[in-house]
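# Below is the sequence, then the predicted model.
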Amino acid sequence: MEKILFIINPKSGVDRVKALKDLIDKQLDKNLFDPEIAYTEYAKHGTELARNAVANGYKTIVAVGGDGSVNDVITGIQGTDATLCIIPKGSGNGLARTLGIPLDQSRAIALINTGKRIHIDLGKVNDRIFVSNVGVGFDTLVAKKFAKSERRGMAIYSWIVTKHLWTYKEWEWEIEVDGKVLQEKAFILTVANAQQFGYNFKIAPTADLQDGLFDVVIIKKFPKILGSYIALRAFNGSLLKSKYVKHLRGKRVTIRHPKLTILQTDGDVHACGNELKVEMMPAALRVMIPA
């Protein structure tokens, strides 16, 4: 029987946590797994809990939450033989959608009994681990505003985008991809390991979590009246066909701007310096996906 740890952020409330515990008890096959539950108590506690669990012999770690919570657990288990499972509880759930994990919690738990384990790539920006994407530009502004909002969901996300689209000023970036240097004025500049930001907004529709390469997507300055057109292309998977988009691929990416102070990784905003060094970490994480 395999030891399995569920790492849960209890901020969603006592009733919801109890309902989740009941689902785990109902759906998880106790002939296969011996479950334990741990609760996060402060920022980045999920990383500590995951790291300690691996040290104590847990082979499967379940992140219960959104992309930020999942990223914390990944940081704690990357490079080990432990497997990440995801029970989506966030807003965008970008990684869960990319991996084909059900957004329904009951089905996501049941998947743990029957899923298959694969290795996927990770990325590192300076000293920070990410799985889906790292970005600077308009996406960082939106992520910052979204984090401050007490409400969640696609409607709030869309409202923030609409509010700030018309006044956003693009910066000219120095970008280096595997030694090739270019200057681009960018609305969004994303180094993607996975396809989407969340909500099925595919910023890098050709990205592959197992190919050992980043997809660098630059949405260049465009007439703001075309904002809906750009968004539609992202949702239907045709963004890279737009004349306002440049697409490169590589293993090492450097981004520079003298005024750079923040970036987003997997939707969470962090402080940074004026240079970002992004490196590929091939096959650095085991994950559970549908068989």
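All right, it came through fine. These figures come from a predicted structure and were not determined experimentally.
# CA only for contacts and neighbour counts going forward, please
Fine.
# tell me the contacts of residue 230?
239, 242 (CA atoms under 8 Å, 6 or more residues apart in numbering).
# at 7 Å instead, please
residue 239 (CA atoms under 7 Å, 6 or more residues apart in numbering).
# So it: helix, strand or coil?
helix (DSSP: H, G, I helix; E, B strand; the rest coil).
# Residue 101 too?
Per three-state DSSP, residue 101 ends up coil.
# Can you verify my assumption that it contacts residue 108?
Yes - in terms of CA atoms under 7 Å, residue 101 counts as a neighbour of residue 108; the distance is 6.3 Å.
# hey, what's in contact with both of the two?
With CA under 7 Å, 6+ apart, residue 101 and residue 108 have no common neighbours.
# I'd like the distance from the longest helix anywhere in the chain to the chain centre, please.
Determined from DSSP state H, the single longest helix within the chain is helix 14-27. How far helix 14-27 lies from its chain's middle: 25 Å, per CA atoms, centre = their mean, to the nearest Å.
# tell me the mean pLDDT for stretch 26-41?
Across stretch 26-41, pLDDT averages out at 96.
# Name the surrounding residues that touch the longest helix of the chain.
Against helix 14-27 from outside (CA under 7 Å, 6+ apart): 10, 106, 109, 110.
# one more time with 6 Å
Residues outside helix 14-27 that contact it (CA atoms under 6 Å, 6 or more residues apart in numbering) are residue 110.
# Kindly report the same for stretch 117-127.
So stretch 117-127 is contacted by 129-131, 209-210, 277-288 (CA under 6 Å, 6+ apart).
# Alpha carbons of that stretch, as CSV, please.
Only the C-alpha atoms of stretch 117-127 are listed here, as CSV (Å, rounded to 0.1, in the frame of the first residue of the first chain):
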residue,chain,number,x,y,z
ARG,A,117,2.6,8.4,-14.3
ILE,A,118,4.7,10.4,-16.8
HIS,A,119,7.6,12.7,-16.6
ILE,A,120,7.2,16.4,-17.7
ASP,A,121,9.6,19.3,-18.1
LEU,A,122,9.9,22.2,-15.7
GLY,A,123,11.4,25.6,-16.1
LYS,A,124,13.6,27.7,-13.8
VAL,A,125,13.6,31.5,-13.9
ASN,A,126,16.6,32.8,-11.9
ASP,A,127,16.1,30.6,-8.8
